[in-house]
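>>> Need a 3D model of the sequence below.
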Amino acid sequence: MQPMCAHFPRTVPTTGVLVVLLATALASSQPVGAQTFAPYSDFQAMSVARLATLQVKLTYIGDQTASINTVAFTAPGNPVDLTLFTPYRRPGLHYANDDSSPRSFAATTQQLRALLDSVGKLPNVTDGDVDLDGSVSFALLNTAGGTTKVFEAVVNGTSGPALFDKMLSALAGNSDGIRVLSNFGCDVHLLPTSTLLSAEGLVRVDVGGLRHDRQTSDQFVCKVRVTNTSITTLPAPLSLVVIRHGNAELLGGSGLTCNTYPPGVPYVNLPVGNGLAPGSFAEATLRFANPSGGKLTLRFRAFAGPGIR
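Next up, the predicted model:
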């Protein structure tokens with residue numbers, strides 16, 4: 001007797017049919033595509049007055065084990081609103097960092113104009129493409145005239161440093177903006193690298209006594225003086241890296257080191273104008289938060305001239 005078998009059809013879908021069916025199923029589950037982007041030239045053509053509502057956003061979209069807060073900035077008086085960017089998210093990219101409070105600052109409309117013009121010289125950014133292995137979204141949004149226009153480019157390890165270099169140059173003089181952009185660029189490893197002039201051996205650093213602030217009991221202040229002991233003028237900016245041993249936190253620094261050792265250490269830019277002449281000195285008051293009141297010791301490194309600290 002022949003064994004009993006369940007009945008199967010004589011033909012089955014070919015591999016090609018299976019692929020088509022699978023692709024159709026996947027397509028039906030994809031998110032709705034992002035809204036249409038405007039070309040970068042539309043933003044370059046905007047008048048300074050229309051830039052009063054321009055928002056600039058930088059979002060890390062690469063692999064991460066901890067959140068990296070998005071950076072967003074706009075003109076004074078115009079509130080940052082990341083929800084306006086939401087309909088323009090590209091499918092397949094991860095914008096979860098936009099769902100937390102951003103690191104934000106204000107930039108004048110003239111600074112925003114300078115930024116648009118400066119970045120406009122980078123065709124690898126203004127093309128609005130997603131670069132291979134891109135990790136940072138650079139986006140612009142403006143609602144001027146009642147029409148929302150958005151641009152986005154996703155930069156990688158090649159196009160990203162050039163973008164940050166142009167933005168930092170355009171925002172020169174905006175201390176908050178330089179600090180926020182520099183810290184973000186360091187976090188995502190896209191700051192341009194540069195060889196800085198070490199001022200060690202060229203300056204003398206004198207530190208006054210550390211004392212309690214009379215108005216804030218858990219803060220301490222001290223005055224630091226940096227004297228040019230060399231025979232040449234040290235170019236601006238002259239930066240003093242403040243290396244702390246203890247739990248105290250430097251307040252009001254100019255940024256954190258990224259390209260110098262040790263990394264992640266605060267520094268302050270000293271008031272030297274265009275440079276510090278031989279025999280001249282510059283002073284600054286350092287303020288530390290030290291709620292525990294623990295012992296605080298300091299040492300310093302100094303760097304001069306342009307470049308990422």
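
>>> gap between the two ends of stretch 190-199?
One end of stretch 190-199 sits 25 Å from the other (Cα to Cα, to the nearest Å).

>>> same thing with stretch 236-256?
First residue to last in stretch 236-256 (Cα to Cα) measures 17 Å.

>>> Low-confidence bits of the stretch 101-250 of the chain, can you list those?
For the stretch 101-250 of the chain, applying pLDDT under 70 flags the ranges 195, 217.

>>> which stretches of it form strands?
103-106, 136-142, 149-155, 197-198, 203-207, 211-212, 219-228, 234-235, 238-245, 249-251 (DSSP state E, counting those that start in this stretch).

>>> got a list of what Arg301 touches?
198, 200, 240-241, 243, 260 (Cβ atoms under 8 Å, 6 or more residues apart in numbering). (Each C-beta comes from the backbone N, C-alpha and C, glycine too.)

>>> May I ask which two of those are separated the most?
With distances taken as Cβ to Cβ, the most widely separated pair in these is Ser198 and Ile243, at 14.4 Å.

>>> In terms of neighbours, single out the busier of those two.
Using other Cβ atoms under 10 Å, the more surrounded residue of Ser198 and Ile243 is Ile243, with 16 against 13.

>>> Quick check: Val188 touching Val136?
Yes: between Val188 and Val136 there is a contact at 5.7 Å, judged by Cβ atoms under 8 Å.

>>> the more surrounded of those two?
Neighbour count, other Cβ under 10 Å: between Val188 and Val136, Val136 has more, with 26 against 21.

>>> who's in contact with that one?
Shown in contact with Val136 (Cβ under 8 Å, 6+ apart): 58-62, 154-155, 160, 188, 190.

>>> one more time with 7 Å, if that's ok
The contact partners of Val136, taken as Cβ atoms under 7 Å, 6 or more residues apart in numbering, are 58-61, 154-155, 160, 188, 190.

>>> and what of Thr53?
Neighbour list for Thr53: 78, 142-144 [criterion: Cβ under 7 Å, 6+ apart].

>>> next one: Leu296
210, 244, 246, 248, 288, 290.

>>> go on, Gly128?
By Cβ under 7 Å, 6+ apart, the contact set of Gly128 is 37, 40, 151-153.

>>> how about a cut-off of 6 Å?
When contacts are counted by Cβ atoms under 6 Å, 6 or more residues apart in numbering, Gly128 touches 37, 153.

>>> Same question for Leu140.
43, 56, 151.

>>> Pick the one among those residues closest to Asn97.
Within the contacts of Leu140, proximity to Asn97 (Cβ to Cβ) peaks at Val56, which comes in at 15.3 Å.

>>> okay, Leu22: pLDDT?
Listed pLDDT for Leu22 reads 35.

>>> again, but for Pro266
Note for Pro266: predicted pLDDT of 88.

>>> From what I see, it and Gly253 are in contact.
Yes: between Pro266 and Gly253 a contact is recorded at 3.7 Å, counting by Cβ atoms under 6 Å.

>>> Surely Lys57 touches Ala72?
Yes: Lys57 is in contact with Ala72 according to Cβ under 6 Å; the separation is 4.7 Å.
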